[in-house]
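**Q** Please work out how this folds:
(one chain, ligands or ions: 2)
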Amino acid sequence: MRYHYDVPGDDFSRAGHASSEIKKTLQRLGVPADVIKRTAVAMYEAEINMVVHAGGGKADVTIENHAITIVMSDTGPGIENLDLAMQDGYSTAPELVRELGFGAGMGLPNMRRNSDELSIRTAPGEGTTVTMVIRIPEARGAAE
Ligand SMILES: Nc1ncnc2c1ncn2[C@@H]1O[C@H](COP(=O)(O)OP(=O)(O)O)[C@@H](O)[C@H]1O
Ligand SMILES: [Mg+2]
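**A** Ligands and ions are numbered 1, 2, ... in the order given. Below is the predicted model of the structure:
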């Protein structure tokens, strides 16, 4: 199953819409709760980053029996120093955004922690594409 969402860049009130839709879909499918939680957290952080740092973008999610693959791509400013951006607490979010409760600098570290695979393609001026894979373990006893 494939799902596509456009992530609006200017609307904080709608930020998180795509990840919450995917969460509901996974719940309907009966995916294990810890997998749903990790997927929702990882995707939410990527979605917020698009809104805060990139002026929006798009999300493509593929759900298969054994894995959830999330591809988040934007045409924003890109990330200049990815190693630095991956560090806990590093943020370039402006003060106004911090006052809204975003910009703690934990988004990328949380994405790494909650996904089984994370790859980021980015270059200054060329946007950012984040790909995350969350594996779905086989249900215990399913083969019995
Ligand atoms: N999609 C993106 N486009 C441009 N820059 C980004 C993007 N995602 C992350 N960044 C950069 O990486 C930094 C760290 O991201 P993150 O860990 O999510 O922290 P925060 O969003 O709280 O600033 C951001 O402050 C920003 O400079
Ligand atoms: Mg963030």
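
**Q** contacts and neighbour counts: CA atoms only from here.
**A** OK.

**Q** Stretch 105-117 and ligand 1, are they touching?
**A** Yes: with C-alpha under 6 Å from any ligand atom as the criterion, ligand 1 is reached by stretch 105-117 at 105, 106, 107, 108, 109.

**Q** Which helix or which strand is home to residue 88?
**A** Following DSSP states H and E, there is no helix or strand that holds residue 88.

**Q** From residue 18, how far out is the closest residue to it other than its chain neighbours?
**A** Leaving out its chain neighbours, the residue that sits closest to residue 88 by C-alpha to C-alpha, 6 or more residues apart in numbering is residue 106, at 5.5 Å. Distance, residue 106 to residue 18, using C-alpha to C-alpha, to the nearest Å: 20 Å.

**Q** between the two, who's got more neighbours?
**A** residue 18 (22 against 17; other C-alpha atoms under 10 Å).

**Q** which parts of this structure sit against ligand 1?
**A** Counting by C-alpha under 6 Å from any ligand atom, the chain sits next to ligand 1 at 49-50, 53-54, 76-79, 85-86, 90-93, 102-109, 128.

**Q** Which helix or strand contains the most centrally placed residue in the chain?
**A** Central residue of the chain (C-alpha atoms, centre = their mean): residue 43, 2.5 Å from the mean position. Applying DSSP H and E as the criterion places residue 43 in helix 33-53.

**Q** Could you list the buried residues of that helix?
**A** 35-36, 38-53 (16 or more other C-alpha atoms under 10 Å).

**Q** residues of stretch 65-72 that come out buried?
**A** 68, 69, 70, 71, 72.

**Q** Can you classify residue 124 as helix, strand or coil?
**A** coil (DSSP: H, G, I helix; E, B strand; the rest coil).

**Q** quick one, phi psi at it?
**A** For residue 124, the backbone dihedrals are phi -50, psi 130 (criterion: degrees, to the nearest 10).

**Q** Contacts only, for it.
**A** Going by C-alpha atoms under 8 Å, 6 or more residues apart in numbering, residue 124 touches 77, 78, 79, 80.

**Q** let's see 10 Å
**A** Going by C-alpha atoms under 10 Å, 6 or more residues apart in numbering, residue 124 touches 76, 77, 78, 79, 80, 81.
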